[in-house]
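# Return atomic coordinates for the entry below.
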Amino acid sequence: MIQDTHISLAHGNGGRLMRELIEDLFAKHLRHPKLDIQTDAAVLPWQANNLIMSTDGFTVQPLEFPDSNIGALAVHGTCNDLAVSGAIPRYLTLNVFIEEGFEVAQLERIIDSLAQAAQEIDVAVVAGDTKVVQRGQGGGLYLATTGVGEKATSHKLGLEQIQQGDAILVSGTVGNHGIAVMLAREQFGLRGDLASDAAHVLPLTRSLLNLSGLRFMRDPTRGGLATVAHEIAQATGHCIRLQQSQIPIADPVQAVCDMLGYDPLYLACEGRVVAVIEHAQASQALQIWRDLGQHDAHIIGHVEAGQPRVILETVLGGERLLDELEDDPLPRIC
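Predicted structure coming up:
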């Protein structure tokens, strides 16, 4: 068993300490028949013709926050990218960048959380790499993951499928992750126990794949809901009209935003889906999500003719143009 309490540069030099770290910490939690720590590549038993791949990096600060941490976040983030593309995640690779002096006990908590998140949707970590950087040259811990999934439908999804009149849905409250991470930092003298929305979205995405009117799905991570809306507007050349009264925002999120001047529509989510679907099937899609327990899911707007911009109809009956995000209001949240 690994005896060290903190990471040293020697844990990344390829020698005994690195072997002990990989065998006694990573392999212990990520055990799977296809994880071979003695080789530099994994041989996957794959017969499918429709592979989907995604890759991502994670630099959240703090590394642990209410109900989640960077380990689970890495699994959720990469697998959700596959899920909204119409795939079932199957395999992950994991790259770990550890700063010298990092506490081994915290590293073990994070990797254990990562392993549990992967087990929840039966995705296997089959290959990886570990690097240790000198003290002061990193943020404690960075993770990078690559995911491989199997396309679960012959239905074509994409921005190019979106048409005028289509409805826009969101699967739950927005901005929870961004505010939860900020509160965990205890910035501005604020603290709280608001949980991140970080979670798998595979059940939500799979539930809509049989709907012929499904056009597009996206998880609104960095830049939030407003950034996804702008992405749709720019790609389609259509106007996106959102109804403020229908956008679900948790009271604690709105309260913090009101105090600090943030707009929850631009804050990251890590367990939500934005879906664009033919208007005639929007109510059916909404009911499917609510039957899965997503009681805060709503139809929040539609695609209409006009300049490629995003208009928010306010609760007071006015209209507001939502600008594209320029500065990152909360850096290092995913």
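# Look up phi and psi at residue 8.
phi -120, psi 170 (degrees, to the nearest 10).
# Surely it and residue 17 touch.
Yes - applying Cβ atoms under 8 Å as the test, residue 8 and residue 17 come out as touching, 7.1 Å apart. C-beta coordinates here come from the backbone N, C-alpha and C atoms, glycine included.
# In terms of helices and strands, where is residue 93?
Using DSSP states H and E, residue 93 maps to strand 87-99.
# mind listing what that strand pairs with, with the direction of each?
strand 124-133 (parallel), strand 141-151 (antiparallel) (DSSP bridges).
# all helices for the stretch 201-334 of the chain, in order.
Counting by DSSP state H, counting those that start in this stretch, the stretch 201-334 of the chain has these helices, from start to end: 202-208, 224-236, 251-260, 279-291.
# To residue 82, which of the ones you listed lies closest?
With Cβ to Cβ as the measure, helix 202-208 is the member of these nearest residue 82 (8.4 Å).
# Which elements pack onto that closest one?
In this structure, helix 202-208 packs against helix 70-83, strand 87-99, strand 214-218, helix 279-291, with contacts taken as 3 or more Cβ pairs under 8 Å, 6 or more residues apart in numbering; DSSP states H and E.
# Distance to residue 273, mean pLDDT and mean neighbour count for these - can I get that in a markdown table?
Converted to a markdown table, the helices and strands packed on helix 202-208 look like this (distance: least, Cβ to Cβ, whole Å; pLDDT from 0 to 100; neighbours: other Cβ atoms under 10 Å):
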| stretch | distance to residue 273 | mean pLDDT | mean neighbour count |
| --- | --- | --- | --- |
| helix 70-83 | 8 | 96 | 28 |
| strand 87-99 | 14 | 95 | 22 |
| strand 214-218 | 6 | 96 | 23 |
| helix 279-291 | 8 | 98 | 16 |
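# buried sites along the lowest-mean-pLDDT helix or strand in the chain?
Taking mean pLDDT, DSSP states H and E as the measure, the chain has helix 16-21 as its least confident helix or strand, at a mean of 78. The neighbour-count check on helix 16-21 (16 or more other Cβ atoms under 10 Å) flags 17, 18, 21 as buried.
# Need the residues that contact that helix.
Identification of contacts with helix 16-21 by Cβ atoms under 8 Å, 6 or more residues apart in numbering yields 2, 4, 7, 8, 10, 11, 12, 130.
# Can you select the buried ones from those residues in ChimeraX?
In ChimeraX, this line selects whichever of those come out buried by 16+ other Cβ under 10 Å:
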select :2,7,11,12,130
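# Out of the contacts of helix 16-21, which sit inside strands?
Among the contacts of helix 16-21, the members found in strands (DSSP state E) are residue 130.
# Serialize the contacts of helix 16-21 to CSV and add fields for pLDDT and distance to residue 258.
CSV is the format used below for those (pLDDT from 0 to 100; distance: Cβ to Cβ, whole Å):
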residue, pLDDT, distance to residue 258
2, 75, 47
4, 81, 46
7, 85, 41
8, 85, 46
10, 74, 50
11, 79, 45
12, 68, 45
130, 92, 43
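# Sort out which one of the contacts of helix 16-21 lies nearest residue 255 for me.
residue 7 (38.6 Å).
# Following the chain past the strand holding residue 93, name the next helix or strand.
Where DSSP H and E defines the elements, the next helix or strand beyond strand 87-99 is helix 104-120.
# could you give the angle of that following helix to helix 70-83?
Interaxial angle, helix 104-120 versus helix 70-83 (axes from the mean of the first three to the mean of the last three Cα atoms, to 10 degrees): 30 degrees.
# pLDDT of helix 104-120, averaged?
Mean pLDDT, helix 104-120: 96.
# Report the buried residues of stretch 264-281.
Within stretch 264-281, the residues scored as buried using 16+ other Cβ under 10 Å are 264-278, 281.
# How far off centre is it?
Counting by Cα atoms, centre = their mean, to the nearest Å, stretch 264-281 is centred 13 Å from the centre of its parent chain.
# and it, C-alpha only, in PDB?
Below are the C-alpha coordinates for stretch 264-281, written out as PDB (Å, rounded to 0.1, in the frame of the first residue of the first chain):
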ATOM      1  CA  PRO A 264     -27.700  33.000 -13.900                       C
ATOM      2  CA  LEU A 265     -28.300  32.500 -17.700                       C
ATOM      3  CA  TYR A 266     -24.500  32.700 -18.200                       C
ATOM      4  CA  LEU A 267     -23.500  30.400 -15.400                       C
ATOM      5  CA  ALA A 268     -22.400  26.800 -15.900                       C
ATOM      6  CA  CYS A 269     -24.500  23.700 -15.400                       C
ATOM      7  CA  GLU A 270     -23.000  20.200 -15.200                       C
ATOM      8  CA  GLY A 271     -26.100  18.000 -15.200                       C
ATOM      9  CA  ARG A 272     -28.600  19.700 -17.500                       C
ATOM     10  CA  VAL A 273     -29.700  19.300 -21.100                       C
ATOM     11  CA  VAL A 274     -30.900  21.900 -23.500                       C
ATOM     12  CA  ALA A 275     -33.000  20.200 -26.300                       C
ATOM     13  CA  VAL A 276     -34.400  21.600 -29.500                       C
ATOM     14  CA  ILE A 277     -37.400  19.700 -30.800                       C
ATOM     15  CA  GLU A 278     -40.200  20.000 -33.300                       C
ATOM     16  CA  HIS A 279     -43.000  22.100 -31.700                       C
ATOM     17  CA  ALA A 280     -45.600  19.400 -32.100                       C
ATOM     18  CA  GLN A 281     -43.500  17.000 -29.900                       C
END
